[in-house]
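# with the input below, show me the fold.
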Amino acid sequence: MELIDTHTHLDFADFDHDRPQVLAHSRQLGIQRMVVLGVYQKNWQRLWDLVQEDDALFAAFGLHPVYLDEHRPADLLELGDWLTRLRGHRQLCAVGEIGLDYFLEHLDRERQQSLFEAQLKLALDFQLPALLHVRRSHAAVIATLKRIRLPRGGIIHAFAGSLEEAREYIKLGFKLGLGGAATWPQALRMHKVLAQLPLDAVVLETDSPDMAPAMHPNQRNSPQHLPDICVALAQRMAISPSLLAETSTRNACELFNW
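The predicted structure follows:
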C-alpha cells in the first residue's frame, strides 16, 4: 500500500526525540511522501531545514488562524519573501496552513479574514495550492474562495462538513482531507458523508501529532498511523483499502504536480 500524508507537523517538538525513527518506519509502511505545514513565522526555518534533509518531505508555509495573536504585520511580507526565494523549488508545494477558525471565540474574525484573503492572494500570485484550516467557518470560507479563485485549488484539511459543503469545495477545485477524526465511532454525521464522497476528491492525512485515530487513542498521532486510518475510512466508504490508497495517492500527486 503506497500512501501520501498530505498534512503533518513533523517539525513540532513532539517528534524531537524520535523523528528519524518515525520517518524510517513510515517509509517501511509505504508512506511515500509527507507534507509538513508551517503555522507561524518562527517555525518556517526549522520546517525548511527539516525537509531539506529528506527528499520525500515537502513544505508549505503559512500563518495559521489559531496563532492569530502571534502574527505580526511584517510576517505577511516575509511569507511573500519566502515564496519568492523558493519559487520553483521541488520541495515547496503549497501555501498553508491558512484559513478561518470560528470555534475559538477569542480570535478576531475580521483580522482572520484579512489574513486569510492576503494569503490566498499569495497562493494565486505564486500559482500554488492552498491548504486550509476550516473550523465552524465553511460558509465564510466558501464565499471567500468564490471571490478569490485559485486555479490549482487545494485541500480542506480535516474535512467535517456536510455533503452540500463538500460539493461546493469540489466545484471550487479543492480536495477533501480525511484523517483520524472520521475514524471515531461517534463521528456519525461524517460517516454518512464519507459514503457519498466522490473518490477523486479525497486525500489522506494525519495532522500529526494531533487528531489521533480511534485505533490509537490518547497517543501522539504519527504518519505511521496512516495505513490504519486508510483501512478504517475505506470500511466506512464500503471500498477496499487498496482502492482508497491508490486513489488518494493519485489525487495528491495531481494536486501537487508530483
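
# what are the ranges of the helices in the stretch 101-250 of the chain?
For the stretch 101-250 of the chain, the helices defined by DSSP state H, counting those that start in this stretch cover 109-125, 138-147, 163-171, 188-194, 226-237, 241-256.

# looking at those, which one is packed in the most?
Of all the helices of the stretch 101-250 of the chain, helix 226-237 has the most neighbours on average by mean count of other CB atoms under 10 Å, namely a mean of 21. (Each C-beta comes from the backbone N, C-alpha and C, glycine too.)

# looking at the helices of the stretch 101-250 of the chain, which is nearest to Asp81?
helix 109-125 (10.7 Å; CB to CB).

# using JSON lines, lay out the helices of the stretch 101-250 of the chain together with distance to Pro213 and mean pLDDT.
Converted to JSON lines, the helices of the stretch 101-250 of the chain look like this (distance: least, CB to CB, whole Å; pLDDT from 0 to 100):
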{"stretch": "helix 109-125", "distance to Pro213": "28", "mean pLDDT": "98"}
{"stretch": "helix 138-147", "distance to Pro213": "23", "mean pLDDT": "98"}
{"stretch": "helix 163-171", "distance to Pro213": "20", "mean pLDDT": "98"}
{"stretch": "helix 188-194", "distance to Pro213": "13", "mean pLDDT": "95"}
{"stretch": "helix 226-237", "distance to Pro213": "5", "mean pLDDT": "97"}
{"stretch": "helix 241-256", "distance to Pro213": "14", "mean pLDDT": "98"}
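
# contacting residues for Ala59?
Going by CB atoms under 8 Å, 6 or more residues apart in numbering, Ala59 touches Val35, Val36, Leu37, Gly38, Leu47, Trp48, Val51, Leu86, Gln91, Leu92, Cys93.

# among those residues, the buried ones, what's the PyMOL command?
PyMOL command restricting the contacts of Ala59 to the buried ones, with burial defined by 16 or more other CB atoms under 10 Å:
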select buried, resi 35+36+37+38+47+48+51+91+92+93
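
# thank you, goodbye.
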